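Enquirer: sequence first, then the predicted structure:
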Amino acid sequence: MKTATQRRLALAEPPAIDPLMVDRVAAVDWERVTAELDDEGHAILPSMLSPEECAALAAGYEVDEQFRSRVVMARHGFGRGEYKYFAYPLPGLVASLRAALYPRLCGIANRWNETLNIAVRYPDDHAEFLDRCHRAGQTRPTPLLLQYGESDYNCLHQDLYGEHVFPLQVAILLSKPERDFTGGEFVLTEQRPRMQSRVSVVPLAQGSGALFAVNHRPVQGTRGSYRVKLRHGVSRVKSGNRHTLGIIFHDAA
């Protein structure tokens, strides 16, 4: 008989990736994305989800059975609003996105670590990386849905969750700006050594994603590369409701 841990890990085994999602990811201009990540620490992935898929995922926020936990931000000083972490097995659309994006990102992640003299390297296959997380006790899935109403916001933060951290993640906007909500801009800050923080506002359309560094990224200086630390958040929603899908590639302890 399988133990509880073995049953949980079996649920985490990825389903077959939707070929449509593979095609969407392949259609991205990855040369542009890579250059923007190296220059700015973030890049936009256009048209990852259709309006219909966005609406279905946002509506699924009310289906508690597909989530493992709910977090009310104000209770923890995280801001205002709330989010829910998906349980395994992930919804097919979310699992396909996660599995299709990872192979495009692991080369960038490995190059960044090499530049920063970090010994960790990431395998080409996402299931293999998840196995590394699970063997270290990081077995809880991290993809999540976030929900904001009027006056809600998300404080600047990082999604680390344990020893094993994949250095890139994606936030996909499910709501349509100026129709479903106003305000609520996705923001990033960079803290360079001995310098003031730099803020970037990343404009997103419905179904598009922000790809960004989870913790730090390399920046080329006059004396070689150095680490720049990033944090991300959402500005105050002025009106309406805003939903976001978060794709994090490592699991949580």
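Expert: Okay, I see it. Numbers count the residues shown, from 1 in each chain.
Enquirer: what about the stretch 1-150 of the chain, any weak spots by pLDDT?
Expert: For the stretch 1-150 of the chain, applying pLDDT under 70 flags the ranges 1-15.
Enquirer: where do the helices sit along it?
Expert: In the stretch 1-150 of the chain, the helices defined using DSSP state H, counting those that start in this stretch lie at 4-11, 19-27, 30-40, 51-59, 73-76, 92-115, 126-135.
Enquirer: most packed of these?
Expert: With neighbours taken as mean count of other Cβ atoms under 10 Å, these reach their highest mean count in helix 92-115, at a mean of 19. To be clear about C-beta, it is placed using only N, CA and C from the backbone, and glycine gets the same treatment.
Enquirer: can you give me the angle that helix makes with helix 51-59?
Expert: Per axes from the mean of the first three to the mean of the last three Cα atoms, to 10 degrees, the angle that helix 92-115 makes with helix 51-59 is 90 degrees.
Enquirer: by contact count, what packs against helix 92-115?
Expert: In this structure, helix 92-115 makes packing contacts with helix 19-27, helix 30-40, helix 51-59, helix 126-135, strand 168-173, strand 216-221, strand 242-248, judged by 3 or more Cβ pairs under 8 Å, 6 or more residues apart in numbering; DSSP states H and E.
Enquirer: what's the third one in contact with?
Expert: Meaning helix 51-59. Helix 51-59 has contacts (Cβ atoms under 8 Å, 6 or more residues apart in numbering) with 49, 91, 93-94, 145, 172-176, 206-207, 243, 245.
Enquirer: can you redo the helices and strands packed on helix 92-115 as TSV with distance to V234?
Expert: Compiled in TSV, the helices and strands packed on helix 92-115 are given as follows (distance: least, Cβ to Cβ, whole Å):
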stretch	distance to V234
helix 19-27	24
helix 30-40	18
helix 51-59	15
helix 126-135	26
strand 168-173	9
strand 216-221	21
strand 242-248	8
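Enquirer: identify whichever of the ones you listed lies nearest to R227.
Expert: Judged by Cβ to Cβ, the one of the helices and strands packed on helix 92-115 that comes nearest to R227 is strand 216-221, at 4.5 Å.
Enquirer: now that closest one: buried residues?
Expert: 216-219 (16 or more other Cβ atoms under 10 Å).
Enquirer: got it, and stretch 155-163?
Expert: For stretch 155-163, the neighbour count (16+ other Cβ under 10 Å) marks 159, 161-162 as buried.
Enquirer: ramachandran coordinates for P46?
Expert: Main-chain torsions, P46, degrees, to the nearest 10: phi -80, psi 150.
Enquirer: closest to K84 out of the contacts of helix 51-59?
Expert: Of all the contacts of helix 51-59, L145 has the smallest distance to K84: 5.4 Å, by Cβ to Cβ.
Enquirer: touching, the closest one and E82? I think so.
Expert: No. In this structure, L145 is not within contact of E82 by Cβ atoms under 8 Å, at 9.5 Å.
Enquirer: who's more crowded, these two?
Expert: Using other Cβ atoms under 10 Å as the criterion, L145 and E82 rank with L145 on top: 23 against 19.
Enquirer: which residues sit in contact with that one?
Expert: Counting by Cβ under 8 Å, 6+ apart, L145 touches 57-58, 60-61, 67, 83-84, 86, 174, 243-246.
Enquirer: likewise for H216?
Expert: Contacts of H216 (Cβ under 8 Å, 6+ apart): 116, 167, 227-230.
Enquirer: okay, it: pLDDT?
Expert: Turning to H216, the model gives it a pLDDT of 93.
Enquirer: before we move on, the earlier item: which of the contacts of H216 count as buried?
Expert: Among the contacts of H216, those buried by neighbour count (16+ other Cβ under 10 Å) are 167, 227-230.
Enquirer: is it true that A43 touches D29?
Expert: No. Using Cβ under 8 Å, A43 is not in contact with D29, being 9.5 Å away.
Enquirer: OK, contacts around the closest residue to P193 other than its chain neighbours?
Expert: The shortest distance from P193 to any residue other than its chain neighbours is 6.4 Å, reached at Y226 (Cβ to Cβ, 6 or more residues apart in numbering). For Y226, the contact set (Cβ under 8 Å, 6+ apart) comprises 192-193, 218-219.
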